[in-house]
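>>> sequence plus predicted model, see below.
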Amino acid sequence: MEEQNNKNLILAMVLSAAVMIVWFVLFPPPEVPVDATVPATAAQDGAPVQAPAATAADATTGTPTPAEANAVASAPRVAIDTPKLSGSISLVGARIDDLSLKTYRETLEANSPNVRLLSPVGEDFPYYALMGWAPGAGTDAADLPDARTQWSLTSGGPLAPGKPVVLSWTNSKGVTFSREISVDDNFLFTIADSVKNAGAAPAAMYPYGVIARHGLPKMQNIFVVHEGMVRSADGTLEEIRYKDIVKLDQVPAEQAAAELVQVDGKGWIGFTDHYWMTTLVPQQGQPFTEVTKHVASADIYQTEIRQPVQTLAPGAEIRNTIQLFAGAKEWATIKAYDDSGVVPGFIDSIDWGWFFFLTKPIFAVLHWLHGLIGNMGLAIIALTFFLKFLVLPLAYKSYASMARMKELQPEMEALKERAGEDKQKLQREMMQLYKDKKVNPAAGCLPILIQIPIFFSLYKVIFVTIELRHAPFFGWLKDLSAPDPSSLYNLFGLLPWDAPPTGSLLHLIFIGVLPILLGITMWLQQKLNPAPTDPVQQQIFAWMPWVFMFMLGGFASGLVIYWITNNTITFIQQYLIMWSHGKRPDIFGNIRSAKLARAEAKANTPSAANTPKAPTTTPRKGKK
């Protein structure tokens, strides 16, 4: 029955719009529950450190003085030069605090600078990583290197894959600290420490790693993209936003709002941005403590790794290794670290969202298609065909059910005449007719409803994964993760003035080519069925394609390409399935009937019906 089909389609469209609004406006992502504060305890040999009264990492928690900033700025540096990274290591604290990504630029402009990931104290928003040793019971912190210790370059430089550098420092008691820093072809640093005790007294200490971020970074502020702390603790992924780090419980021993999590043997912790991430990875297989905190007095956000205390006897040597990932969240790179066991569960550092069971395989297929085709826009189109193929059996069943309902239309009209005003009787007889003919009246909604989680999953993939960032399609579409930059404002570049900037109100009003194509494909898909007889339904159908056109006009162009392709395939599928059931859609007839229905509805509106008509007069015949 055509009216029922139209109601189903309206229901699906309204539900789609409602779910989109709920998704983007009403429901924020779930907050990570905060564990109770871990009480401070005395560290024992081989035990994980919980909350020591003071650590070498505390050197990062105070506001840097001008002298300290000058010391970092004027300190000798060791250059970093890899296929993907450039920067330097400061010998003050042996901190990795200057890092840029060679293969990523800030914008699409030819002269755009490379993305700067880490920056030293003394610059705006310092962001750096440092590793070292903190004192255990009976050991003086002054005997251990901290964030202000100046190391000596023993060998190597610049740091490159296969070319490590070695730093060293010796305290006044004959304990020598040696550090070898190496880096691979991607973004993973390995910091291998060894400590030799040539003195006469034992020393207790534990290794730590710190990532410090001064001030709140510039963020995307899109809640579908997590920005803040991310950690894995024995296979459990947890995320805390920056604004929630500030709200953590105050831990007196830390002198900060902090959360300490004991890990049995597998995990990592760090900060993640939209596309970039800096993560500490301790030696796996032994217990350690993951710390997240905010020092309000200096507005510093920190993530830390603290490993078990070790006692170094005279003449003995101890070793420790910690790794630092600092770079782009490339799926293939991160997956390789995960698959090899170097960083267990690392693939989850990419924010796959609530529909991770869909986003992960969808992106895997998209990545494979991109490698096969070489163009991300074409890969999205190919992915759409693939997804439509997967749901083809359901779509066929749904469209076939819609076609069978059209065959029942004469019988439905006869039922209406017999039932008259008895709505309950009509409903009972309609349900019996559906049962006898084995027709599901709600089946027409399924092809659209099944697209909702797929749409959200692809939306998440396009927004989150770096592979879509600055990925070109053809012509004016240079970045599939950004909205279509073309605009009606300058007739898509024909008029001699610039289009409104992306994201502005004018850009949302004067939409581009892709949103217009989206509206047209939705309108054509709608015309496969005759216009509904109900005036309210007529108005909804008349406006729905154009409302969606503006709603999706500000979305990433890659997502709009998917939706246009999906509409086109759906149109062809439904046309052919209905034709195969002897109900070939009369598209042009439906367009004409829709116009006539709107004209008739307009003529029958109360305002038109109550408008007084001009009096008509019949000319009187004159007398002869």
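That came through, no problem.

>>> which SSE is immediately downstream of the helix or strand harbouring residue 543?
For residue 543, the enclosing helix or strand under DSSP states H and E is helix 535-551. The C-terminal neighbour of helix 535-551 among helices and strands, as given by DSSP H and E, is helix 557-580.

>>> what's the mean pLDDT across that following helix?
Here helix 557-580 scores 87 as its mean pLDDT.

>>> please apply the same query to stretch 203-223.
On average, stretch 203-223 scores 88.

>>> ends of that stretch, what's the gap?
One end of stretch 203-223 sits 47 Å from the other (C-alpha to C-alpha, to the nearest Å).

>>> in that stretch, what counts as buried?
The neighbour-count check on stretch 203-223 (16 or more other C-beta atoms under 10 Å) flags 203-214 as buried. Placement of C-beta: from N, CA and C, glycine included.

>>> list the helices and strands the helix holding residue 543 packs on?
Helix 535-551 sits against helix 2-21, helix 513-526, helix 587-603, with contacts defined as 3 or more C-beta pairs under 8 Å, 6 or more residues apart in numbering; DSSP states H and E.

>>> list the helices and strands the second one packs on?
When you say that, I think you mean helix 513-526. Contacting helix 513-526 under the criterion 3+ C-beta pairs under 8 Å, 6+ apart are the following elements: helix 535-551, helix 557-580.

>>> hmm, back to that, any idea how far the helix holding residue 543 is from the middle of the chain?
Helix 535-551 sits 30 Å away from the centroid of its parent chain (C-alpha atoms, centre = their mean, to the nearest Å).

>>> all helices of the stretch 201-350 of the chain, in order?
242-245, 331-339 (DSSP state H, counting those that start in this stretch).

>>> relative to residue 226, how far out is residue 127?
As defined by C-beta to C-beta, to the nearest Å, residue 127 lies at a distance of 18 Å from residue 226.

>>> kindly report the same for residue 249.
The spacing between residue 249 and residue 226, counted by C-beta to C-beta, is 22 Å.

>>> those two: who's more crowded?
Remark: of residue 249 and residue 226, residue 226 carries more neighbours, 20 against 13, as counted by other C-beta atoms under 10 Å.

>>> mind listing what the nearest residue to that one once chain neighbours are set aside touches?
The shortest distance from residue 226 to any non-neighbouring residue, by C-beta to C-beta, 6 or more residues apart in numbering, is to residue 351 (4.5 Å). When contacts are counted by C-beta atoms under 8 Å, 6 or more residues apart in numbering, residue 351 touches 224-226, 239, 272, 460, 464.

>>> which of these lies closest to residue 194?
The closest of the contacts of residue 351 to residue 194 turns out to be residue 272 (C-beta to C-beta; 31.0 Å).

>>> I'd say that closest one and residue 329 touch.
Yes. With contacts counted by C-beta atoms under 8 Å, residue 272 reaches residue 329, the gap being 7.3 Å.

>>> so what sits against both of these two?
Residues touching both residue 272 and residue 329 by C-beta under 8 Å, 6+ apart: residue 349.

>>> for residue 423, give me phi and psi.
Dihedral pair for residue 423: phi -70, psi -40, per degrees, to the nearest 10.

>>> ok, residue 144 next?
Dihedral angles of residue 144 (phi, psi; degrees, to the nearest 10) stand at phi -120, psi 150.

>>> for the helix or strand harbouring residue 410, which helices and strands make contact with it?
Per DSSP H and E, residue 410 falls inside helix 409-419. Judged by 3+ C-beta pairs under 8 Å, 6+ apart, helix 409-419 is in contact with helix 423-437.

>>> got a list of what the closest residue to residue 486 other than its chain neighbours touches?
Distances taken as C-beta to C-beta, 6+ apart place residue 512 nearest to residue 486, at 3.8 Å, with adjacent residues excluded. Contacts for residue 512 were tallied using C-beta under 8 Å, 6+ apart; they are 483-488, 492, 499, 553.

>>> now, among the residues you listed, which is nearest to residue 309?
Among the contacts of residue 512, and counting by C-beta to C-beta, the member closest to residue 309 is residue 483, at 53.7 Å.

>>> number of residues surrounding that closest one?
Per other C-beta under 10 Å, the neighbour tally for residue 483 reads 22.

>>> could you provide the buried residues of stretch 203-223 in CSV, with additional columns for distance to residue 104?
Shown next, in CSV, are those (distance: C-beta to C-beta, whole Å):
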residue, distance to residue 104
203, 43
204, 43
205, 38
206, 36
207, 31
208, 30
209, 25
210, 25
211, 20
212, 23
213, 19
214, 23
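
>>> separation between the residue nearest to residue 486 and residue 289?
Between residue 512 and residue 289 the computed distance is 51 Å (C-beta to C-beta).

>>> got it, and residue 387?
Applying C-beta to C-beta, the value for residue 387 to residue 289 is 44 Å.

>>> do the same with residue 144
Distance, residue 144 to residue 289, using C-beta to C-beta: 18 Å.

>>> looking at these two, which is more packed in?
Neighbour count, other C-beta under 10 Å: between residue 144 and residue 289, residue 289 has more, with 26 against 23.

>>> nearest spatial neighbour of that one, skipping sequence neighbours?
Once flanking residues are discounted, residue 289 sits nearest to residue 306: 4.4 Å by C-beta to C-beta, 6+ apart.

>>> residue closest to the middle of this protein?
For the chain, residue 464 is the residue whose C-alpha lies nearest the centre (C-alpha atoms, centre = their mean; 3.0 Å).

>>> touching, that one and residue 352? I think so.
Yes. Using C-beta under 8 Å, residue 464 is in contact with residue 352, at 7.5 Å.

>>> mind listing the shared neighbours of the two?
Taking C-beta under 8 Å, 6+ apart as the contact rule, residue 464 and residue 352 both touch residue 359.

>>> circling back to that earlier point, out of the contacts of residue 512, which one has the lowest pLDDT?
Taken together, the contacts of residue 512 show their lowest pLDDT at residue 492, with 73.

>>> wait, what's in contact with the residue nearest to that one when sequence neighbours are not counted?
Spatial nearest neighbour of residue 492, chain neighbours left out: residue 486 (4.8 Å); criterion: C-beta to C-beta, 6+ apart. The contact partners of residue 486, taken as C-beta under 8 Å, 6+ apart, are 476, 492-493, 499, 512-514.

>>> selection in PyMOL covering whichever of those are buried, please.
To isolate the buried ones among the contacts of residue 486 in PyMOL, judged by 16+ other C-beta under 10 Å, type:
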select buried, resi 476+499+512+513+514
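
>>> I'd like the contacts of residue 486 laid out as CSV, including distance to residue 322.
Listed next are the contacts of residue 486 as CSV, based on distance: C-beta to C-beta, whole Å:
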residue, distance to residue 322
476, 47
492, 54
493, 53
499, 49
512, 48
513, 51
514, 47
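
>>> of the contacts of residue 486, closest to residue 415?
Lowest distance from residue 415 to those (C-beta to C-beta) belongs to residue 514, with 44.8 Å.
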